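Participant: Predicted coordinates and the sequence they were generated for:
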Amino acid sequence: MKRLMMIPAAMLLGTAAAAPKISAQSIIVNPTQPDLAVSVNVDKDVAGTQNPSYRAGENIRVSASVNRDAYVYLFNVNPDGSVDQILPNRLGGDNFVKANTTRSFPAPGDTFTYSVDNIIGQNKVLALASLTPLNLDQISSFKTAQDSFATVNAKTQAGFAQALSIVVNAQPQNSWVSDTAFYTVAG
């Protein structure tokens, strides 16, 4: 099982900008250890301990589980630093996950697929679980009524980390937690 490592918030942006290795700490960390837990993985690594490889355009399934009823937010950080919001979206229902269950996107039986971008390199999926719904209006928005996925406003990983930290810092520290899964996109 992956561990949430904690670093001071002041180091968050420096780590994101300088570290060549992608890590959970370079996205967002909670300075306390809440009793809420979230785990995220991709379908080629259900244990969440590897760094599987996908081909550009290949279908992928992302799963998240929580130990308490929570709202789960999923983001994909691409190798170029751009960020995609996976959940919530307009395809797969809401982002509320019941305690001790796993939510997959897309879920088995969904009539759509989710595929990896053509940006080759190291990717990461950030799962953020919160006991209360979060207002992501500062981070992302649906540009048109037809958009299935919200567009993340931040254009870099550091900008995303800063924007997301503003949202979660408004929450009690024991009411949210994050986890990260990694995968590589090969040509």
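Facilitator: Now that the structure is in, tell me what you want to look at.
Participant: Could you give me the buried positions within stretch 46-63?
Facilitator: By 16 or more other C-beta atoms under 10 Å, the buried positions in stretch 46-63 come out as 48, 54, 60, 61, 62, 63. The way it works is simple: take the backbone N, C-alpha and C, and place the C-beta from them, glycine included.
Participant: actually stretch 87-104, not the one I typed
Facilitator: Quick answer for stretch 87-104 (16+ other C-beta under 10 Å): 87, 88, 89, 91, 92, 95, 97, 103, 104.
Participant: do the same with stretch 164-184
Facilitator: Those would be 164-165, 167-168, 175-183, for stretch 164-184 by 16+ other C-beta under 10 Å.
Participant: Now do the helix or strand where residue 85 lies, average pLDDT.
Facilitator: If you go by DSSP states H and E, residue 85 is part of strand 83-87. If you average the pLDDT over strand 83-87, you get 90.
Participant: Just grab the bridge partners of residue 179 for me.
Facilitator: residue 127 (DSSP bridges).
Participant: which secondary element of this structure has the worst mean pLDDT?
Facilitator: helix 9-18 (a mean of 36; mean pLDDT, DSSP states H and E).
Participant: now for the helix or strand just after it, which elements pack on it?
Facilitator: Note on helix 9-18: by DSSP H and E, the next helix or strand toward the C-terminus is strand 38-42. Counting contacts by 3 or more C-beta pairs under 8 Å, 6 or more residues apart in numbering; DSSP states H and E, strand 38-42 packs against strand 62-66, strand 70-77, strand 121-130, strand 176-186.
Participant: hmm, try it at 7 Å
Facilitator: strand 62-66, strand 121-130, strand 176-186 (3 or more C-beta pairs under 7 Å, 6 or more residues apart in numbering; DSSP states H and E).
Participant: The longest helix belonging to the chain - what's its average pLDDT?
Facilitator: When the chain is parsed with DSSP state H, its longest helix is helix 157-169. The pLDDT scores in helix 157-169 average 86.
Participant: Distance to residue 73 and mean pLDDT added to the helices and strands packed on strand 38-42, as JSON lines?
Facilitator: Conversion of the helices and strands packed on strand 38-42 to JSON lines gives the following (distance: least, C-beta to C-beta, whole Å; pLDDT from 0 to 100):
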{"stretch": "strand 62-66", "distance to residue 73": "9", "mean pLDDT": "95"}
{"stretch": "strand 121-130", "distance to residue 73": "4", "mean pLDDT": "94"}
{"stretch": "strand 176-186", "distance to residue 73": "9", "mean pLDDT": "92"}
